[in-house]
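Asker: Have a look; sequence and predicted model below, questions after that.
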Amino acid sequence: MEERAKRMAIIATKGTLDMAYPPFILASTAAALGYEVQIFFTFYGLQLLKKSLKHIKISPLANPAMPMPVPMPTLIKSVPGMERMATQMMKTKIKKKGVASLEDLRSMCQEAGVKFIACEMTVHLFDFKRSDFIEGIDFGGAATFLDFAGDTDICLFI
Amino acid sequence: MQFDKELDARGLNCPLPILKTKSALNGMQSGQVLKVTSTDAGSVKDMEAFAKQTGNPLVESSTDSKEYVFYLRKK
């Protein structure tokens, strides 16, 4: 009997630009290595399944580890427009350094057969519509996810 | 070294060289050799790990200044 493929389950709970990368990078790479992969998107992580990802941003606020071109006091980081500027800066860096865009990584995951599950409860909580999300995803709850996660080799909460 | 297909992964960062290597191998026949050129220093260890986990042997690799060249044989 052939051994079953390795499995990885990820719970994606964050919707900021920096925290959007780890689930998609790990999932796409694991799929390339032959893993069967599922990602459960819940709370703010659900934003990563929206049709457009243009609203995904990074905030320098409460993020002292974010490298800034010049040292910046916290009060300055809260000035209107800083979030937009930080996001633009990060996206330019990402492109310049040959790092994939979120959109590309997400499609590569889907092409490689990574299964995306949107948390049904969060959809209701935030009054989202199913039509807000990309095609080819499943909607489900904790029990749906645990059915797969209970028999995996790697299970991550991001 | 002889190869059947070439992949230029220069300028790409993790995990793109691995993802592109995987899709390049998908279109190849068993026994054929894929040459991959990368500028990502992390791809040296990553390519070894990819070869080990997917069973497509890394038959040769070399470093030429800031470029890394890999030859993978499709299993």
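Answerer: Good, I have the coordinates. These numbers were taken from a predicted model, which means no experiment stands behind them.
Asker: Remind me what whichever helix or strand A:E103 is part of packs against, helices and strands.
Answerer: Take DSSP states H and E as the rule and A:E103 turns out to sit in helix A:102-111. Counting contacts by 3 or more Cβ pairs under 8 Å, 6 or more residues apart in numbering or on different chains; DSSP states H and E, helix A:102-111 packs against helix A:17-32. (C-beta placed from N, C-alpha, C; glycine too.)
Asker: if you set the cut-off to 10 Å instead, what comes out?
Answerer: helix A:17-32, strand A:36-41, strand A:115-119, helix B:16-26 (3 or more Cβ pairs under 10 Å, 6 or more residues apart in numbering or on different chains; DSSP states H and E).
Asker: Just name the most buried of the ones you listed.
Answerer: strand A:36-41 (a mean of 24; mean count of other Cβ atoms under 10 Å in any protein chain shown).
Asker: Look up the pLDDT of the residue nearest to B:G42 when sequence neighbours are not counted for me, please.
Answerer: What sits nearest to B:G42 in space, not counting adjacent residues and going by Cβ to Cβ, 6 or more residues apart in numbering or on different chains, is B:C14, at 5.2 Å. On the pLDDT scale, B:C14 is placed at 92.
Asker: Residues of chain B that sit close to chain A?
Answerer: Neighbours of chain A within chain B, by Cβ under 10 Å from any Cβ of the partner chain: B:9-23, B:25-26, B:39-40, B:46, B:49-50, B:52-55.
Asker: Let's see that with 8 Å instead.
Answerer: B:11-16, B:18-19, B:21-22, B:40, B:50, B:53-54 (Cβ under 8 Å from any Cβ of the partner chain).
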